[in-house]
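Q: Need a 3D model of the sequence below.
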Amino acid sequence: MTLLILSDSHGRADNILRAYERNRQAAEILFLGDGLNDVQRVGFDGKVPICVRGNCDAGGVFSFSDVPAERILSFGEYNILMLHGHNYGVKSSLERAIARAAEKGADLLLYGHTHIRRDVYLPEGTEIGDVRLVKPLRVFNPGSIGSPRNGGYSFGLITIRSKDILTSHGEI
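A: Numbering: from 1, shown residues only. Model (predicted):
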(Lines give C-alpha, C1' and ligand atoms only; values in the text may rest on other atoms or scores of the structure.)
Protein backbone atom coordinates (compact mmCIF):
# COMPACT_ATOMS: atom_id res chain seq x y z
CA MET A 1 0.00 0.00 0.00
CA THR A 2 1.32 3.44 -0.95
CA LEU A 3 0.40 6.67 0.85
CA LEU A 4 0.91 10.12 -0.67
CA ILE A 5 1.96 12.57 2.07
CA LEU A 6 1.43 16.32 1.53
CA SER A 7 1.88 19.33 3.77
CA ASP A 8 2.06 23.10 3.85
CA SER A 9 0.59 24.04 0.46
CA HIS A 10 -0.13 27.65 1.50
CA GLY A 11 -2.26 28.54 -1.54
CA ARG A 12 -0.62 26.18 -4.05
CA ALA A 13 -3.51 23.85 -4.90
CA ASP A 14 -1.88 23.51 -8.32
CA ASN A 15 1.12 21.83 -6.73
CA ILE A 16 -1.10 19.44 -4.79
CA LEU A 17 -2.70 18.47 -8.09
CA ARG A 18 0.71 17.98 -9.75
CA ALA A 19 1.90 15.71 -6.95
CA TYR A 20 -1.33 13.72 -7.09
CA GLU A 21 -1.20 13.35 -10.89
CA ARG A 22 2.28 11.81 -10.54
CA ASN A 23 1.09 9.47 -7.79
CA ARG A 24 -2.46 8.44 -8.66
CA GLN A 25 -1.62 4.88 -7.59
CA ALA A 26 -1.55 5.98 -3.93
CA ALA A 27 -4.17 4.15 -1.90
CA GLU A 28 -4.54 7.12 0.48
CA ILE A 29 -3.68 10.81 0.52
CA LEU A 30 -2.60 12.24 3.88
CA PHE A 31 -2.44 16.02 4.34
CA LEU A 32 -0.56 17.41 7.34
CA GLY A 33 -2.09 20.88 7.48
CA ASP A 34 -1.63 24.49 6.38
CA GLY A 35 -3.63 24.40 3.19
CA LEU A 36 -6.98 22.73 3.87
CA ASN A 37 -8.59 25.27 1.51
CA ASP A 38 -6.23 24.02 -1.22
CA VAL A 39 -7.10 20.37 -0.56
CA GLN A 40 -10.79 21.21 -1.02
CA ARG A 41 -10.05 22.66 -4.48
CA VAL A 42 -8.39 19.50 -5.82
CA GLY A 43 -10.25 16.48 -7.15
CA PHE A 44 -8.69 13.19 -6.16
CA ASP A 45 -10.66 10.80 -8.41
CA GLY A 46 -13.14 10.11 -5.61
CA LYS A 47 -10.47 9.55 -2.96
CA VAL A 48 -11.06 11.54 0.21
CA PRO A 49 -7.84 12.86 1.75
CA ILE A 50 -7.23 12.25 5.44
CA CYS A 51 -6.27 15.61 6.95
CA VAL A 52 -5.12 17.31 10.11
CA ARG A 53 -5.41 21.02 10.79
CA GLY A 54 -2.35 23.28 10.82
CA ASN A 55 -1.79 26.64 12.49
CA CYS A 56 -2.78 28.48 9.28
CA ASP A 57 -6.04 26.54 8.84
CA ALA A 58 -7.88 28.29 11.67
CA GLY A 59 -9.30 31.26 9.78
CA GLY A 60 -10.47 32.36 6.40
CA VAL A 61 -13.63 31.24 4.66
CA PHE A 62 -13.63 27.87 6.45
CA SER A 63 -12.82 27.36 10.13
CA PHE A 64 -12.07 23.63 9.73
CA SER A 65 -12.97 23.16 13.39
CA ASP A 66 -14.18 19.67 12.48
CA VAL A 67 -10.71 18.68 11.26
CA PRO A 68 -8.61 17.39 14.18
CA ALA A 69 -5.16 18.69 15.07
CA GLU A 70 -3.85 15.11 15.12
CA ARG A 71 -4.94 11.62 14.13
CA ILE A 72 -3.79 8.11 14.78
CA LEU A 73 -4.31 5.76 11.82
CA SER A 74 -3.75 2.05 11.44
CA PHE A 75 -2.59 0.44 8.22
CA GLY A 76 -2.09 -3.26 8.65
CA GLU A 77 0.00 -3.77 11.76
CA TYR A 78 1.41 -0.22 11.70
CA ASN A 79 0.14 2.82 13.60
CA ILE A 80 0.73 6.28 12.16
CA LEU A 81 0.46 9.52 14.12
CA MET A 82 -0.38 12.48 11.88
CA LEU A 83 0.03 16.01 13.18
CA HIS A 84 1.03 19.38 11.84
CA GLY A 85 3.61 19.97 14.53
CA HIS A 86 3.02 23.53 15.70
CA ASN A 87 1.44 22.31 18.95
CA TYR A 88 4.62 20.35 19.71
CA GLY A 89 7.26 22.97 18.86
CA VAL A 90 8.77 20.96 15.99
CA LYS A 91 10.64 23.99 14.64
CA SER A 92 12.93 23.93 17.67
CA SER A 93 12.87 20.25 18.70
CA LEU A 94 11.13 16.99 17.85
CA GLU A 95 11.26 15.80 21.45
CA ARG A 96 7.61 16.55 22.36
CA ALA A 97 6.26 15.17 19.07
CA ILE A 98 8.29 11.98 19.49
CA ALA A 99 7.03 11.63 23.07
CA ARG A 100 3.46 11.96 21.78
CA ALA A 101 4.09 9.32 19.10
CA ALA A 102 5.53 6.96 21.72
CA GLU A 103 2.55 7.62 24.00
CA LYS A 104 0.16 6.74 21.14
CA GLY A 105 2.08 3.58 20.20
CA ALA A 106 2.97 4.92 16.76
CA ASP A 107 5.39 3.21 14.40
CA LEU A 108 5.52 6.30 12.17
CA LEU A 109 5.27 9.97 13.07
CA LEU A 110 4.21 12.26 10.21
CA TYR A 111 4.52 16.00 10.74
CA GLY A 112 4.78 19.23 8.76
CA HIS A 113 5.10 22.90 9.82
CA THR A 114 8.86 23.25 9.31
CA HIS A 115 8.69 23.13 5.48
CA ILE A 116 11.87 21.03 5.65
CA ARG A 117 12.10 17.41 4.52
CA ARG A 118 13.12 14.92 7.15
CA ASP A 119 13.34 11.15 7.39
CA VAL A 120 14.79 9.64 10.57
CA TYR A 121 14.72 6.11 11.93
CA LEU A 122 14.92 5.73 15.70
CA PRO A 123 15.56 2.17 16.91
CA GLU A 124 13.94 0.61 19.95
CA GLY A 125 15.65 1.83 23.12
CA THR A 126 16.44 5.30 21.76
CA GLU A 127 16.22 7.94 24.48
CA ILE A 128 14.78 11.32 23.53
CA GLY A 129 14.55 13.56 26.57
CA ASP A 130 12.58 11.66 29.20
CA VAL A 131 11.24 9.11 26.70
CA ARG A 132 12.78 5.74 25.94
CA LEU A 133 11.26 4.12 22.85
CA VAL A 134 9.84 0.65 23.47
CA LYS A 135 9.70 -0.01 19.73
CA PRO A 136 11.28 1.55 16.64
CA LEU A 137 9.88 4.85 15.34
CA ARG A 138 10.26 6.43 11.93
CA VAL A 139 9.91 10.23 11.93
CA PHE A 140 8.97 11.73 8.55
CA ASN A 141 8.30 15.22 7.20
CA PRO A 142 7.44 15.50 3.48
CA GLY A 143 8.65 19.08 3.30
CA SER A 144 6.35 21.64 1.71
CA ILE A 145 4.33 21.32 -1.48
CA GLY A 146 3.79 25.10 -1.52
CA SER A 147 6.58 26.95 0.26
CA PRO A 148 9.74 24.83 0.70
CA ARG A 149 12.71 25.88 2.79
CA ASN A 150 15.21 23.34 1.44
CA GLY A 151 14.97 22.51 -2.22
CA GLY A 152 11.95 22.31 -4.49
CA TYR A 153 8.27 21.73 -3.88
CA SER A 154 8.17 18.31 -2.23
CA PHE A 155 5.88 15.50 -1.11
CA GLY A 156 6.38 12.15 0.57
CA LEU A 157 5.58 8.59 -0.35
CA ILE A 158 5.19 5.88 2.25
CA THR A 159 4.96 2.27 1.12
CA ILE A 160 3.73 -0.18 3.72
CA ARG A 161 4.51 -3.83 3.20
CA SER A 162 3.88 -6.70 5.59
CA LYS A 163 7.23 -6.27 7.38
CA ASP A 164 8.49 -2.90 6.14
CA ILE A 165 7.75 0.79 5.97
CA LEU A 166 9.56 2.41 3.05
CA THR A 167 9.79 6.20 2.88
CA SER A 168 10.86 8.56 0.11
CA HIS A 169 10.59 12.17 -0.96
CA GLY A 170 9.65 13.46 -4.40
CA GLU A 171 9.66 16.87 -6.06
CA ILE A 172 7.40 18.40 -8.64
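
Q: mind listing the helices for the protein?
A: 13-22, 36-41, 95-103 (DSSP state H).

Q: Count the neighbours of residue 148 for me.
A: Residues near residue 148, counting by other CB atoms under 10 Å, number 17. Where C-beta positions appear, they are placed from N, C-alpha and C, glycine not excepted.

Q: tell me the contacts of it?
A: Residues counted as contacts of residue 148 (CB atoms under 8 Å, 6 or more residues apart in numbering) are 115, 116, 154.

Q: Then residue 71?
A: 50, 52, 81, 82, 83.

Q: what's the residue closest to the geometric middle of the protein?
A: Most central residue of the chain, judged by C-alpha distance to the mean C-alpha position with CA atoms, centre = their mean, is residue 110 at 3.9 Å.

Q: Can you tell me who the nearest residue to that one once chain neighbours are set aside pairs with across the strands?
A: If the residues on either side of it in the chain are set aside, residue 110 comes closest to residue 82, at 4.9 Å by CB to CB, 6 or more residues apart in numbering. Beta-bridge partners for residue 82, by DSSP bridges, are residue 71, residue 110.

Q: low-scoring pLDDT stretches of the chain, where are they?
A: 59-63 (pLDDT under 70).

Q: could I get the contacts of residue 148 as TSV with distance to residue 65 and neighbour count?
A: Shown next, in TSV, are the contacts of residue 148 (distance: CB to CB, whole Å; neighbours: other CB atoms under 10 Å):
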residue	distance to residue 65	neighbour count
115	24	21
116	28	18
154	29	25
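
Q: Can you show me the strands along this protein?
A: In the chain, the strands defined using DSSP state E lie at 2-6, 28-31, 50-51, 70-75, 78-83, 108-110, 117-122, 127-128, 131-132, 137-142, 154-160, 165-171.
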